[in-house]
Structures are given as C-alpha cells and as structure tokens.
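Visitor: Next input, structure requested:
(2 chains)
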Amino acid sequence: MKHLLSVDDLGPEGIEEVMGLTDSFVEVSARSIPKVPALRGRTVVSLFYEESTRTRLSFEAAAKRLSADTMNFSVGSSSVSKGESLRDTVVTIEAMGVDAVVVRHSSAGVPAQVARWVDASVVNAGDGWHEHPTQALLDCYTLRQHLGSLDCRRIAIVGDVKHSRVARSDVAAFARLGAEVILVAPPTLLPPSLAGWPVEVSHDLDAVLPKLDAVILLRMQQERQHEALVPSLREYTATYGLTSRRAALLPEAAVVMHPGPMNRGVEIAADVADLDCSVITRQVANGVAVRMAVLFLLLGAG
Amino acid sequence: MSGVTGLLLRGGTVVDQTGSRRADVAVAGGRIQAVGEDLDDGGRGARVLDAGGCLVAPGLVDLHAHLRQPGHEEAETIETGSRAAALGGYTAVVAMPNTDPPIDAASVVRDVQELARGALCAVVPAGAITVGRAGTRLAPMAEMAALGVRLFTDDGSGVQDSRLMRRALEYASGLGVTLAQHCEDGGLAAGGHLHEGEWSSRLGIPGVPAEAEELMVARDIALARLTGAGMHFLHLSTAGSVALVRQAKAAGIAVTAEAAPHHFTLTAAAAAGYDPVFKVNPPLRTDADVGAVRLGLADGTIDAIATDHAPHPPEAKDAPFDQAPPGMLGLETSLALSLALELPAPDVLGLLSWRPAAVAGLGDEHGGPVAPGRPAHLCVVDPSATWVVRPERLASRSRNTPYAGRTLTGRVRHTVFAGEAVVIDGQAQR
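Guide: Below is the predicted model:
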C-alpha cells in the first residue's frame, strides 16, 4: 500500500494489519520513553488546508514517536486565492524531500489529487465530506477494545451523515469487519443516494437504541439550520440528540463514541458524554497509536 | 488566397442531405464548381486532395463553443479555437457570449466579428439575452441582430426569472432570432459540482439533481407554448429532459435541442478519481441518461450534436474538484465520438452539419448541400482512421480533454473553408 486515501485502500486484510500494529504501538506509547526508531531519517509533512487541532497533533505525535522528522504546513484557505495553485504548493513541498504527506482539506478528493502529483506516500487526514480513514481505524480499534470482535455487532451512526467524512469511512470499515451499520438521521442529513452502501436506515432513534452495541454521534453544525436541512438545532436535539433519557435505552454493555469536536447539548447531552459508557477520550488516546501504525505501514517497509 | 488555383477532392463519397454518392468535388473561387465522377482538374492546375476511402460532407457546424475571446485568452483565442475547429471538421462555430466583457452589446459583437476575420472557420457570435448575463434586463437584441446575430443565450446559466424569459421570447420572435437556454434551476443546482446520485454521495461532492435541468426545460416548453416563439435547448443531459422535448415536439411546440458528445459517452463514474477534467456543467450523468440521449439523437428528438467546447488552462483544472471551473474541450474529438454512435453516417453528419446550421440560421451559407454554386465549406473525413487523443497535440490552447489516451476511430483528413484547404492530411495549414 502506497497511500491511504480511503478505507478501501486497505484491502481485505489491511484493517486487521493496522489493528495488530496498533496493539504494539499502544504498548510503546505506555513506556516511560514512548519512542521507537522505526522511521528515523524519514520526513513526514503535515499539509493542513483546514483548521484541525486533534488530528494534526495526533499525526505529529505519531510521527515523532516513530522518530520521523516532521514539518508543518498550515494554510489558511485564503492563501489558495493568493495565487499559488494547490499543485504548485504540493510539488514545492515535495522538492524539500519528504516521504509522506498528511493532507487535510475542506474539498473532497484533494488527497487523491495530491497522490497523482507526488512520489511520496499520501495519507488522507480528512477531505471534505469524503473520508477520514484514520478516524475510522481508531474507531474500529476502540470498538474492538470494548466489544472484542466487530463481527455481527450492531453500530448506529447518528446525525449529519450527508456532510460527514467520518461516517463514510466508518461505514466502509465497520462493514468490512462484519458489523451491521444503521444510519439514523432525518432524510435531509443523509446522502442523496445510498446505492451500494452496506447500511440500514432509520429515522427513529428510540427504536434503534435498545438493539445496539455502539452508537456514534456525529457533530451537528449550526449552519445546517440555515440551509433548511433541519428547522432548528432544538428540534434536532429533541428528535436525534442522545439525551440522558435516550442513553438509558442503550443496553448496558453498549458504548458511546463521538469523533469530536462535540457540541454538548446538541447531538450529545453534556452528562452523557461523561458517562462510563462513553469512550470518547479513549478514541483520542488510541488515535496516536493508530496513526503510528498507518505511518509505519506506509513507510516502515521501505 | 482562397481558391485561386482551385481544389479537386478526388475519390471520396459525397454525403449530404440529398444522399450519398461516389463523386469528386471541384472547388474554385470559394465555391463548389462541379460534383461528379472522375472529374479532372481541367488543366487549371487545381490542387488534388486525396479523398479515397473518405466521406466528403458539408463542413460541420458547432452550435456551442466557448472561444474565450475577449477576456480569457489564456484559455483560448478565436485563432486557436478556430484552428481546433478546422481540425475537427468544422467550418462554422457559434461562439458563446460568456466572454469578458460578455457579448451583450453591438460593440462587442463587432469586436468578435473583427477578431474572427482570418480565422480558420466562420466564427459566428451568439449574443446574450440579458445585460451582463445577469438575468435582470434584456440586452439590446435588435442592435445585435442587425449585425447578423441569430442566436441569443445567457449560457453558463439559465434565465431564472420566468417573467423575464417570457418577455425575451416574445421580443425575440419579433426579430426572427432564436433564444437558446442553458437549462438549470439555479436554486436547486446551487453549490453542486457533480450529478447528484450514487457517485456524488460516495465521493462526498455536492450534487446537481437531474431535476434542476428538467424543471427549466419544462418551464421553457411552457413559455414557448405561451409565446409561440421557437427556442433551442442547449446541452441536454438527462433522460427526463429528452422525454420532455420529445413530448413538446409531438405537441407541435417549436423547440429544438442539442446534446454534447460527453453526455452520450461518459458518466459521473468518470469522476471517481476526482480529476476536475471530468467536471462539466451540466454534469456527467448516469448510464440511463447516456442511453436516453443516444436514443434522442437516433429518433430525431435531439436536432444537433454540439461540442460545448470549454477550454480552461491547466492551472485552473489543477484545483480541488469543487473549486475547479466546469468545462471540457470538444472541437477536435466530437466527430469521432459521434461516428461511434450506432447510426448511419449520413444521420451523424446531419446532426453535426446541416441540422445545426438550420438551428443557427446559417443554412444559406453552411451545411450544404454539396452542389455546384454552393459555398465551398467541406470536410473530408476518413471514418476508419484510428488515432490516440494526446492533449499536448491538440490545437486548442488548453488541454482539458476528458478523452486523453483514448483511441478514437474517424479522423478529419481535409477541411475546406471558403474554398481554402485549411486542413490537409490532418494538418492545419496556418
């Protein structure tokens, strides 16, 4: 595997391979000096065209724990309009000598375009509404920690699936590991076509919750009400928010996840995010080890 | 220099609206002098061009090309665009008015007509329906019509205001000119970059539903009925649009329609790799839509194949998919793609030549027939020649063909414009 642009790039065995590698890097991360020389002399550049805190820091930590050199290229979207094309920027950076480019962009498909222009490996750190494969991998890893295998597990993804790169990657990864995925959202927040998606759809969260092994809440953005996708955030919370009452409908062993950043009080009630069944901070912790596994998989062999 | 010594197109099969026959064609003084078997050059020293194995047809007529001049000469000029057209077999091209400034006034029409002198084909400007193509008040259509403009459109967007469109149709009917609509309901299409459906959903790209086009096709059919004015639909791309036009024609409403080769050869799946070269407006649609467009071409619902040739320089297409401008090259590939339709060659040439000539009001000068006394605008095409599309070898100033690397069958051997052989053996002569 040269690039990680989407979950499908991992192939049938790829997710398992990442999970196995992640186990060892979780162990590394627990050491007093959480660092291995696996990628010494390699350079990883972060090319973030969109604001991100946790993903950028997580990749940076992962690269550093593997002893790679790191460079950071943060671009406000305004600099795109200053004239330098995306392609020129990318080619310029590669000329500095890099082995991997971690790309975050508000436009879907940019990592795939970058991969056509450079020789370095490209990791998709989130592209528009398209995919966020390392988030899906860390979600898989976190779910395995709590549920064991994902085979035949029932996982609901609740909320703004239409605009969610996390949802697209999660669906692909969970389905590959044998889970049953249910999308729960108003029709306006679902993609126009679900042809080929291995999912069920529901508009009734209360009916779905008692059957679940895990529920993933997606971030609900303010602007969706201005686009008339929902009448108001208040109504969204009333129908699709994970309130304390709804959280009580979950089976005891079920877990609650959120890719962050959370809108407490909108898609998830403040106290639900802090319940024992909520594994949201575990997701963040696992993120570093999963990204170490991905970088190692792409660069380690060479 | 045109026709001083004359030309003799020897050994081909003449195809025009009157039928097909083996015949040589003699050209002099910018006109066809003789059509018949075994013509000799009469000792006049005519240049003999081999047409063996070729179809000799009236020059092709494109209803829809963006030649970008004035204003976007980095993408194309009338010179480079007309060279691409000549290499594609065209002898007349309607130049869309979304230039900078737009062709929305007599002065700009004159500028374009001036620039078109010396082009390798006839470049006929279309005028804008509304001032600045802004969709708020009518452009001075009568002044532009007085300079010969016969087709008016705000192409790039549709006229959204139904009341204004009604007035435009009524006004145009008094001038004997035709309005052409880019059918797209702006509200429904807003923010979309790809056909809304399976691929847009999977790729996470905001979509444009087929209904955005169909709503305006349906509205304009209603307005054509209301006003009695004829109108033309640009680049139909959906099965629903084709069905609407078919019904309208059956009801006797005076509408015509065109389709672009990319809408009968490519689908949204082509954009799977996010290459903006596959971004176009209207967007590439589904297999069912491609099938419906092909059927519409076969059964006469669609009157013409038009290229929607839309050059953009590489730097514009090296942008994220949702930021790149829509549009693809078409002039140099349309004939081969059209010949690949499972239609008789005379039908294909009709869709590319005499039928669009009639829509554009150019029938007196362009689109044949190939007969003595007619203007000598001809294309000689070898229907069995294969070639590989190489973007860097195209005559267009831009490179954004969606067919790069494809092997196509059917190639222009010679093009004769106003009696001058502007393309000989596949090479532009100037």
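Visitor: Distance from stretch B:23-42 to the middle of the chain?
Guide: 29 Å (Cα atoms, centre = their mean, to the nearest Å).
Visitor: Would you quantify the distance from B:P344 to chain A?
Guide: Look at B:P344 and chain A: by Cβ to the nearest Cβ, to the nearest Å, they are 36 Å apart. Quick note: C-beta positions are derived from backbone N, CA and C, even for glycine.
Visitor: Check what pLDDT that residue gets.
Guide: On pLDDT, B:P344 comes in at 97.
Visitor: Can you tell me the element B:V56 falls in?
Guide: In this assignment (DSSP states H and E), B:V56 forms part of strand B:55-58.
Visitor: what packs against that strand?
Guide: Counting contacts by 3 or more Cβ pairs under 8 Å, 6 or more residues apart in numbering or on different chains; DSSP states H and E, strand B:55-58 is packed against strand B:13-16, helix B:345-352, strand B:378-388.
Visitor: just checking, next helix/strand downstream of the second one?
Guide: From helix B:345-352 onward toward the C-terminus, using DSSP H and E, the following helix or strand is helix B:354-359.
Visitor: How about the shortest one?
Guide: Secondary structure here is assigned by DSSP H and E; on that basis, the next helix or strand after strand B:13-16 toward the C-terminus is strand B:19-22.
Visitor: Which positions within that next one qualify as buried?
Guide: Neighbour-count burial for strand B:19-22, counted by 16 or more other Cβ atoms under 10 Å in any protein chain shown, picks out B:S20.
Visitor: same deal with stretch A:171-190?
Guide: Across stretch A:171-190, burial judged by 16+ other Cβ under 10 Å covers A:171-177, A:179-186, A:189-190.
Visitor: Quick one: end-to-end length of that stretch, please.
Guide: Stretch A:171-190 has an end-to-end distance of 13 Å (Cα to Cα, to the nearest Å).
Visitor: do the same with stretch B:16-24
Guide: With Cα to Cα applied, stretch B:16-24 spans 14 Å between its terminal residues.
Visitor: do stretch B:271-283 as well
Guide: Across its full length, stretch B:271-283 reaches 10 Å end to end, with Cα to Cα as the criterion.
Visitor: And the helices in the stretch 51-200 of chain A, which stretches?
Guide: In order along the chain, the stretch 51-200 of chain A carries the following helices (DSSP state H, counting those that start in this stretch): A:54-65, A:86-95, A:110-117, A:133-147, A:165-176.
Visitor: Could you do the stretch 201-302 of chain A as well?
Guide: With DSSP H, counting those that start in this stretch, the ranges of helices along the stretch 201-302 of chain A come out as A:205-208, A:223-226, A:233-240, A:244-247, A:270-273, A:280-295.
Visitor: Ok, which of those helices comes nearest chain B?
Guide: Closest approach to chain B among the helices of the stretch 201-302 of chain A is made by helix A:223-226 (12.3 Å; Cβ to the nearest Cβ).
Visitor: Can you give me the buried ones in the closest one?
Guide: Using 16+ other Cβ under 10 Å as the test for burial, helix A:223-226 gives A:R224, A:Q225.
Visitor: got it, and stretch A:265-275?
Guide: Residues of stretch A:265-275 classed as buried under the neighbour-count rule (16+ other Cβ under 10 Å) are A:V266, A:E267, A:I268, A:A269, A:V272, A:A273, A:L275.
Visitor: And stretch B:69-89, by the same measure?
Guide: Burial within stretch B:69-89, assessed by neighbour count using 16+ other Cβ under 10 Å, is assigned to B:69-70, B:72, B:75-89.
Visitor: next one: stretch B:92-112
Guide: If you call a residue buried by 16+ other Cβ under 10 Å, then stretch B:92-112 has these buried ones: B:92-99, B:102-106, B:108-109, B:111-112.
Visitor: among those residues, which are in strands?
Guide: B:A92, B:V93, B:V94, B:A95 (DSSP state E).
Visitor: and the residues you listed as TSV, adding distance to A:S29?
Guide: Formatted as TSV, those follow (distance: Cβ to Cβ, whole Å):
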residue	distance to A:S29
B:A92	70
B:V93	65
B:V94	66
B:A95	64
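Visitor: Fine by me, thanks again.
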